[in-house]
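Chemist: need a structure here:
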Amino acid sequence: MPTVLVTGASRGLGREFVRQYAAAGWQVIACARNPDTMGDLASDSTVLQKLDLLDPATITALANALVDRPIDILLNNAGTMGSQSFAKHGLNVQRFGQSDYADWEHLFQVNVLGPMRMAEAFVEHVAASKRKVIVTLTSMVGSMATNAAGGLYAYRSSKAAANAIMKSMSIDLAARGIIATPIHPGWAKTEMGGPNAPLNPVDAVAGVRRVIDGLTPEKAGRFWQFDGTEMPW
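Modeler: So this is what the prediction gives:
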């Protein structure tokens, strides 16, 4: 039975990933800062674990606790837009001249350093599995080629940086048979995406899962969308 580890599993897309993978017969390691909020997700196939991307010690502790556990898919789902809400204010957040640099650093800690720390801590677990996949959910706003609106400086830069680390990771880990890539899950109706998003979480997650199922070494390190199309950098 394959195993997937999901970060940011307490809400939004993370919670839906846990639900869908468990329903599909996977062993799921569901991680969040406060596992108590995920009690309804616990089952024979789903284990809840404490993990805080801002606390590297919790990452190390979990990696050590799972030292003999192969992980087929390391799914870096956890992410943040910071203190300003896109769901409420749209592109009016993070405008030029309004930079909150402490918040910007917070975004990089979660959206960039978090996935990197997870990959470095769990690379042996992934290498020991059959599927050998590392995926980080990024965003279309991390694409420089499609940026025609400006703004969102902190969030855009964090997602572009996440894309960059996944590209390098795809090269560095290829010799070990590991497929690493970023995926844009679409603009979904979550707390972050807001009620006006065109996509529901069920369809967004199902789409990402199909993309993951279709990954091959040739597709590693490319910027995929939930519908299987490729996004320009």
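Chemist: so how far is His184 from Thr146?
Modeler: For Thr146, the distance to His184 (C-beta to C-beta, to the nearest Å) stands at 10 Å. From N, CA and C alone the C-beta is placed, and that goes for glycine too.
Chemist: how about Ser157, what does it touch?
Modeler: For Ser157, the contacting residues are Trp104, Phe108, by C-beta atoms under 8 Å, 6 or more residues apart in numbering.
Chemist: sorry, back to before: more neighbours: Thr146 and His184, which one.
Modeler: Each of Thr146 and His184 had its neighbours counted (other C-beta atoms under 10 Å), and the higher figure belongs to His184 (25 against 12).
Chemist: hang on, that one packs against Ser139?
Modeler: Yes: between His184 and Ser139 there is a contact at 5.8 Å, judged by C-beta atoms under 8 Å.
Chemist: Okay, now the unreliable bits of the protein?
Modeler: Across the chain, the stretches falling below the confidence threshold (pLDDT under 70) are 84-91, 189, 191-194, 198.
Chemist: can you pull the buried residues of the strand or helix carrying Ala121?
Modeler: The secondary structure element spanning Ala121 is helix 114-127 (assigned by DSSP states H and E). Buried positions in helix 114-127, judged by neighbour count with 16 or more other C-beta atoms under 10 Å: Gly114, Pro115, Met116, Arg117, Met118, Ala119, Ala121, Phe122, Val123, His125, Val126.
Chemist: which SS state does the closest residue to the fourth one other than its chain neighbours fall under?
Modeler: In space, and not counting its chain neighbours, Arg117 is closest to Ile59: 5.3 Å by C-beta to C-beta, 6 or more residues apart in numbering. With DSSP: H, G, I helix; E, B strand; the rest coil as the basis, Ile59 sits in helix.
Chemist: between the buried residues of helix 114-127, which is closest to Cys31?
Modeler: Nearest to Cys31 out of the buried residues of helix 114-127 is Met118 (C-beta to C-beta; 9.1 Å).
Chemist: who's in contact with that closest one?
Modeler: Each residue near Met118 by C-beta under 8 Å, 6+ apart is listed here: Thr7, Leu53, Ile59, Leu74, Asn76.
Chemist: Show me where the chain has its strands.
Modeler: When secondary structure is read from DSSP state E, the chain shows strands at 3-6, 27-32, 46-50, 73-76, 133-137, 179-184, 224-225.
Chemist: which neighbours do Thr146 and His184 share?
Modeler: Overlap of the contact sets of Thr146 and His184 (by C-beta under 8 Å, 6+ apart) consists of Met140, Met231.
Chemist: related to what we said a few turns ago, most neighbours among the contacts of Met118, which one?
Modeler: When neighbours are taken as other C-beta under 10 Å, the top entry among those is Thr7 (29 neighbours).
Chemist: separation between the residue lying farthest from the centre of the chain and Tyr153?
Modeler: With distances taken as C-alpha atoms, centre = their mean, the residue sitting farthest from the centre of the chain turns out to be Gly97, at 29.2 Å. The gap separating Gly97 from Tyr153 is 10 Å, by C-beta to C-beta.
Chemist: Pro217 too?
Modeler: Using C-beta to C-beta, Pro217 is found at 35 Å from Tyr153.
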